[in-house]
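*Asks:* Prediction below, plus the sequence it came from.
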Amino acid sequence: FGCRVLGVDPAAPPQSGVEVLPLATALARADFVFIALPLNPSTRHLVDATALAATPRGAVWINVGRGSV
């Protein structure tokens, strides 16, 4: 699709074509945010008003994880 893919999981093995960045940096550059996280103490409420405000106006959020993330 000619898009740039940003990832934020430093523990994941490197993937061709995926640029791994800190969460705040990735959010600031994202047009689409795809959330696919398990719910655990470190991900609970990860997406808050600060995270939403960090994305560009018009960014699309897709949450296939748990609502409490």
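*Replies:* Sure thing, it's come through.

*Asks:* Run a quick neighbour tally on the nearest residue to Asp31 once chain neighbours are set aside.
*Replies:* Distance criterion CB to CB, 6 or more residues apart in numbering; nearest residue to Asp31, sequence neighbours excluded, is Ala59 at 5.7 Å. The C-beta positions use only the backbone N, C-alpha and C, and glycine is treated the same way. Burial of Ala59 is recorded as 15 neighbouring residues (other CB atoms under 10 Å).

*Asks:* What distance do you get for Ala59 to Ala36?
*Replies:* Separation of Ala59 from Ala36 (CB to CB, to the nearest Å) stands at 17 Å.

*Asks:* residues contacting the nearest residue to Gly58 once chain neighbours are set aside?
*Replies:* Spatial nearest neighbour of Gly58, chain neighbours left out: Asp31 (7.6 Å); criterion: CB to CB, 6+ apart. Each residue near Asp31 by CB atoms under 8 Å, 6 or more residues apart in numbering is listed here: Cys3, Pro56, Gly58, Ala59, Val60.

*Asks:* Can you point out the buried residues in stretch 46-66?
*Replies:* By 16 or more other CB atoms under 10 Å, the buried positions in stretch 46-66 come out as Val47, Ala51, Ala54, Thr55, Gly65.

*Asks:* what's the pLDDT at the spatially most central residue of the chain?
*Replies:* In the chain, the centroid-proximal residue (CA atoms, centre = their mean) is Val33; its distance is 5.1 Å. For Val33, the model assigns a pLDDT of 95.
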